[in-house]
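[1] sequence and predicted structure are below.
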Amino acid sequence: MAKKKSKSRSVKTAETSSRVVEGLRLVVADSYALLAQTHICHWNVRGPSFFALHAAFEEQYTELFAAIDEVAERIRALGALAPGGLGNLAKLAGTPEIAEDSNADDMVKHLLTVNQKLVDDMKATRDAAGDAGDDQTEDLMIARIQVHEKTIWMLNSYLA
């Protein structure tokens, strides 16, 4: 008789489930902060790189809007409420805002920092989901990390 393979994942507990939900709530807040700041950069970028950055920033904030909805819906699927309200989201994210009069290079550097914070928080949420045996959230975070790591690469390439 063949032995059953046992999964090495830990059993889902209230604590790990809570860590997953809180992580997802932070990812929503971080993503909204990034979306808003990318949109400000889209509006206010100036200089020789205007056309390229204006288009790139629009692509980034448009992609983020759909992604935020997916993450918020995952929170709801887990039986919790998604965070809302600009003040609440800003407080939860704790991300410094970019000055409206920033130059193009400072915009890119700022967005690099905000993207990296988001990736770090997504990795923590991915790990919490793995500990909880929540494959769907873990997969969602992996996919989102890939998007933001590509964005980080592109922003770094612009500065090179």
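    Cool, got the structure.
[2] now the helix or strand containing His42: buried residues?
    If you go by DSSP states H and E, His42 is part of helix 14-44. For helix 14-44, the neighbour count (16 or more other C-beta atoms under 10 Å) marks 16-17, 19-42, 44 as buried. C-beta: built from backbone N, CA, C; applies to glycine.
[3] that one - contacts with which helices or strands?
    helix 50-77, helix 86-93, helix 104-132, helix 135-159 (3 or more C-beta pairs under 8 Å, 6 or more residues apart in numbering; DSSP states H and E).
[4] give me that answer again for 6 Å
    Helices and strands touching helix 14-44, as assessed by 3 or more C-beta pairs under 6 Å, 6 or more residues apart in numbering; DSSP states H and E, comprise helix 50-77, helix 86-93, helix 104-132.
[5] now render those helices as TSV, adding mean pLDDT, mean neighbour count and distance to Glu138.
    TSV is the format used below for the helices and strands packed on helix 14-44 (pLDDT from 0 to 100; neighbours: other C-beta atoms under 10 Å; distance: least, C-beta to C-beta, whole Å):
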stretch	mean pLDDT	mean neighbour count	distance to Glu138
helix 50-77	97	16	11
helix 86-93	94	15	22
helix 104-132	97	20	4
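[6] now for these, which one comes closest to Leu140?
    Leu140 sits nearest to helix 50-77 of all the helices and strands packed on helix 14-44, at 5.8 Å, using C-beta to C-beta.
[7] run the chain-centre distance for that closest one.
    9 Å (C-alpha atoms, centre = their mean, to the nearest Å).
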